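Q: model this:
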Amino acid sequence: MTTPVSFPSAAFPAFPSVTLQVPDEWQAINAYGSILAVAEPVEPGAFRSNVVVAISRFGSDYELQTAVDAVVKKFGEQPDVAVLGQEERQVLGVPGFRMEASFTAEGVGTLVQAIHLAVIRSGSMSDLVQITGSAAGGQAKQVWPTIRAILDSATNEAGA
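A: Modelled structure (predicted):
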C-alpha cells in the first residue's frame, strides 16, 4: 500500500507568488537558485544590472531577524563595504527589511546591491523571500532608480 505525497499540497504548500513590474526592455534571465530573474540588456561583456528573486523554505519558527542577521553579516565580511541604508519596511505586504550597500566584487569592481527580505508563512512552513538588485558601480547612478522601482513593485499573492 502506498500514500501519494505531492507538492503543492496541504502538507507542502506552494511557494509565494512574486510579481515584479519591469521596464519593457529588461529581459527574463536564468539565475542559479532563483525563481525569477530579470536584467537590463547591455553590450556583450558588460555587467548586466539585474534583479533576482530567491525563496528558501524553513519551518514555522523561522524569523525574519535570522535572515536580517545573515545579510548584515554577509555585507560586513566585505573589507570595503559601505552601507548606503537599511530599514525595517513592508516587503510583499508583510513586515520586512531593506538594505543597500556597495563593495568591491571580483571581476566586477564596485558592486551596488539592494536586498529586500520578507518571511511569508503558510501552514507549518515559512518561506524566506529575498529580492536582490545589483548594478556595477559605473552603472549605478543611471540604473539605480530603475532597480529601486522594480524592488518596490514586488507583490505577493497566495501560492497556487
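Q: Tell me the spacing between the most centrally placed residue in the chain and A105.
A: Nearest to the geometric centre of the chain sits I131, at 1.3 Å (C-alpha atoms, centre = their mean). Computed as C-beta to C-beta, to the nearest Å, the I131 to A105 distance reads 19 Å. From N, CA and C alone the C-beta is placed, and that goes for glycine too.
Q: do the same with G76
A: 15 Å.
Q: okay, those two: which has more neighbours?
A: A105 (16 against 11; other C-beta atoms under 10 Å).
Q: What residues are recorded as beta-bridge partners of the more buried one?
A: G109 (DSSP bridges).
Q: Please apply the same query to A37.
A: Here A37, judged by DSSP bridges, has bridge partners V52.
Q: wouldn't it be in contact with A31 here?
A: Yes - between A37 and A31 there is a contact at 3.7 Å, judged by C-beta atoms under 8 Å.
Q: between those two, what contacts are shared?
A: 50, 52 (C-beta atoms under 8 Å, 6 or more residues apart in numbering).
Q: Longest helix of the protein, counting residues only.
A: Determined from DSSP state H, the single longest helix within the chain is helix 137-153.
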